[in-house]
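**Student:** please find the sequence and the predicted model below.
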Amino acid sequence: MKPYNQRFEFFRLASSYYITARFALFNDILLVSANLFHHSIEMFLKGLLSPNLSLDALKKMNHNLSGLWTNLKSNHPSENLNTFDSIIIELDKFEGLRYPDKVLQAEIIIMDKLADERGILLSGTNDGDLRYRLYLDEIDRLIKRLFVLGNLSPSNLFDTEFVDIQKYLLKENNESKFFVRPNEPT
């Protein structure tokens, strides 16, 4: 498969995870939402790395966002990607919660949206520590940046003619203008 086609297919899959994660977040399916955001970023990163790495090499990187992120940053040293390091670290934590045993082990007692409903908060019993948090604004900014790095237009991947897709893609999205075709309302 040609590198551009690989990138496009990774981005198409990543976009599906992203819109589904936004749907889940706004419908209070919080843990799944966080995991879907993780998978979305994983596919975007693998898409960006696909011209330089074989599909087998990308598979061997598993779901390790930190490793993928480090690799991407080394391939784009002139880009200022450090601003997204914290969201990658937080998202990477959620991968460990995809199985019930990990959720039970962590003794998750608070699973809620943050006050403005634009993020996810998971907290456990260990001295009330905040263990996991995600902010939608950070994820939206990161995804916009990954589209720019990939030189792909999100309007080619999101069929915003479907009302529900457009609704959840644009809802409370400060980057909404980037995600729609120029003649579509935001």
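**Tutor:** Received it, and whenever you're ready, just let me know what you need. Computed from a predicted structure; not experimentally measured.
**Student:** which residues of this protein score low on pLDDT?
**Tutor:** 1-4, 101-131, 158-163, 181-186 (pLDDT under 70).
**Student:** have a look at it and report its longest helix.
**Tutor:** For the chain, the helix with the greatest residue count under DSSP state H is helix 3-26.
**Student:** off-centre distance for stretch 13-25?
**Tutor:** 8 Å (CA atoms, centre = their mean, to the nearest Å).
**Student:** thinking again about what came up before, for the longest helix of the chain, name the packing helices and strands.
**Tutor:** If you count contacts as 3 or more CB pairs under 8 Å, 6 or more residues apart in numbering; DSSP states H and E, helix 3-26 packs onto helix 30-49, helix 136-150, helix 163-170. All C-beta spots, glycine's among them, are computed from the backbone N, C-alpha and C.
**Student:** 6 Å - rerun?
**Tutor:** In terms of contacts (3 or more CB pairs under 6 Å, 6 or more residues apart in numbering; DSSP states H and E), helix 3-26 is packed against helix 30-49, helix 163-170.
**Student:** looking at those helices, which is buried most?
**Tutor:** Ranked by mean neighbour count, the helices and strands packed on helix 3-26 are led by helix 30-49 with a mean of 23 (mean count of other CB atoms under 10 Å).
**Student:** chain center to the helix or strand that it is followed by: distance?
**Tutor:** As assigned by DSSP states H and E, the chain's next helix or strand after helix 30-49 is helix 55-60. Computed by CA atoms, centre = their mean, the chain-centroid distance of helix 55-60 equals 19 Å.
**Student:** how near is the nearest residue to Arg141 once chain neighbours are set aside to Asn75?
**Tutor:** Spatial nearest neighbour of Arg141, chain neighbours left out: Glu175 (6.3 Å); criterion: CB to CB, 6 or more residues apart in numbering. Using CB to CB, to the nearest Å, Glu175 is found at 23 Å from Asn75.
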